[in-house]
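Undergrad: take this sequence and fold it.
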Amino acid sequence: MQAKTSTGVFEKSSGKSEAQRAEARGGPYRTADGERYDPLTGEVFCKRAHKSGAATVSLYSNATIVPPPRRAAAAPESTNSFAAVEAHWAPRAERLAKSWDRRALAKAADGSPTLAAYARGRAASLRRPLSKRADECERRAVIVKCGCDGHILVKRGCRLLGCERCARKRSRRWRKELTEALGEHMRDATDLWRSRGGKRGQRPRFALVTLTVRHCGDIDGDRRHLVDGWRGVYRWLRKLGVAQPYALVHEITPGADGTGHVHLHLATMWPYVPYDRMRAVFRRASDGYGERIHVSSRAKHDPKRAAGYLSKYASKGIDLNTFSPLLSARVLEAYYGQRKRGASHGFYRRSPHRCEHCSWPFRRVYGEELVWVDKEPRLLSQLRLPALE
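TA: Sure thing, here's the model as predicted:
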């Protein structure tokens, strides 16, 4: 890509990636003399003045270049994509909120004010519009403390399945935790295999498993059939004495008919087991809805590849570009209060939420909540924002 100006031709700089060029050179374009050039502002960075060390020399000059026309500022990414889902989600959310209201009354009658306040908070959260929750993503923060001096401010996301920002953060964090946990289990299994003679062809390796059920017309029903089917398979593996620790994640796709299909992906370590028998156990445990079990060993002995396989699906939630508003509302209802990812008991041997310096677990300091405004934390009581009232 080239841009002609009054001083000549400006060529795009070479490098490994656009981000590396921008970080190392201050911009992705250079002049024919090798000087940095910002195509948006028309400014040229003078390397000779920078190297001379003269404090009075301006590092930027616009005298020798005609600035190109400014591009129109890109419209900010809309966080109100949930507005179309709201019409289908509101009656479902009200039905769930009423169940929390009944629970709050029951806990108040039993003399449990804390649990009653918790139930009322859950009901109030359900009655808030989705678009408002998405707009407030990472605008609030909570105070966290460990064994070190001082406090830490942690931004809090909206945790909606359709929020891309929360999905990316969740995927990165889970990938790091999975890589560490899967690596420890692989080392233990390999040491056990070597202590028993290390027979060829029996070295443990990761198995990437995908479970699929026949669509029953209800997303919550598909989810329950998948969970029950996997529990039946895992009990069968434990009876055989070959069950290993695992981590799993749910994936929701629109499907060819647009009614929504649920899949279950998991990573574990399996020896050879009869596939026909395992499929029969899966179908019987899922009330006859079990359709397919696909096992891949492409990760072999690499925990990073296995963790990347699962974290890829952890970043997927509700794609507002491909999901219809009705399907998005049905997915939100089916997974309300349900875990989209999980692991076997004892899979994470160390708590991942510990300070790297003092090794103390992070604990929230309950008190006044903070809100982020212009990248500066402020006390919520000192602000009056229409979006947060």
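
Undergrad: R187 and T322, how far apart?
TA: Distance of R187 to T322, given as CB to CB, to the nearest Å: 40 Å. (Glycine included, C-beta is placed from N, CA and C.)

Undergrad: check H265 too.
TA: Taken as CB to CB, the span from H265 to T322 is 19 Å.

Undergrad: ditto for E251
TA: 13 Å.

Undergrad: these two: which is more packed in?
TA: Each of E251 and T322 has its neighbours counted (other CB atoms under 10 Å); E251 has more, 16 against 11.

Undergrad: okay, strands next: where are they in the stretch 151-300 of the chain?
TA: Secondary structure of the stretch 151-300 of the chain (DSSP state E, counting those that start in this stretch): strands at 152-156, 206-213, 247-253, 261-269, 290-296.

Undergrad: adding distance to A97 and mean pLDDT, write those strands out as TSV.
TA: Below are the strands of the stretch 151-300 of the chain laid out as TSV (distance: least, CB to CB, whole Å; pLDDT from 0 to 100):
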stretch	distance to A97	mean pLDDT
strand 152-156	21	76
strand 206-213	30	92
strand 247-253	23	92
strand 261-269	25	92
strand 290-296	35	88
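
Undergrad: verify the stated contact: L208 with W270.
TA: No. L208 lies out of contact with W270 (CB atoms under 8 Å); the separation is 10.2 Å.

Undergrad: quick check: neighbours shared by these two?
TA: The contact sets of L208 and W270 overlap at V295 (CB atoms under 8 Å, 6 or more residues apart in numbering).

Undergrad: mind checking pLDDT for E184?
TA: Looking at E184, its pLDDT stands at 92.

Undergrad: chain neighbours aside, what residue packs nearest to it?
TA: Distance criterion CB to CB, 6 or more residues apart in numbering; nearest residue to E184, sequence neighbours excluded, is R349 at 6.3 Å.

Undergrad: wait, the one you found sits on A181?
TA: Yes. Counting by CB under 8 Å, R349 touches A181, with 7.0 Å between them.

Undergrad: who's more crowded, those two?
TA: Taking R349 and A181 together and counting by other CB under 10 Å, A181 has the greater number of neighbours (21 against 11).

Undergrad: tell me who's in contact with that one.
TA: When contacts are taken as CB under 8 Å, 6+ apart, A181 is in contact with 245, 247, 343, 347-349.

Undergrad: could you do T253 as well?
TA: Residues near T253 by CB under 8 Å, 6+ apart: 260-261, 263.

Undergrad: most surrounded residue in these?
TA: G260 leads the contacts of T253 on contacts (other CB under 10 Å) with 22 neighbours.

Undergrad: my read: that residue touches A329, true?
TA: No. Using CB under 8 Å, G260 is not in contact with A329; the gap is 10.8 Å.

Undergrad: number of residues surrounding the nearest residue to H294 once chain neighbours are set aside?
TA: Nearest non-adjacent residue to H294, counting by CB to CB, 6+ apart: T210, 4.4 Å away. Neighbour count of T210, defined by other CB under 10 Å: 16.

Undergrad: ok, now R165?
TA: 16.

Undergrad: again, but for G201
TA: Neighbours of G201 under the rule other CB under 10 Å: 5.

Undergrad: could you do R159 as well?
TA: Applying other CB under 10 Å, we find 11 residues neighbouring R159.

Undergrad: isn't it right up against C166?
TA: Yes. Taking CB under 8 Å as the definition, R159 is a contact partner of C166 at 5.8 Å.

Undergrad: list only buried entries from the contacts of A181.
TA: Buried subset of the contacts of A181 (neighbour count, 16 or more other CB atoms under 10 Å): 245, 247, 343, 347-348.

Undergrad: re the thing from before, now, the contacts of A181 that are in helices?
TA: Among the contacts of A181, the subset assigned to helices under DSSP state H is empty.

Undergrad: out of these, what pair is the most spread apart?
TA: In the contacts of A181, the most distant members under the criterion CB to CB are A247 and R349, with 12.9 Å between them.

Undergrad: tell me the mean pLDDT for the helix or strand hosting V85?
TA: Here V85 sits within helix 83-109, counting by DSSP states H and E. In this model, helix 83-109 has a mean pLDDT of 93.
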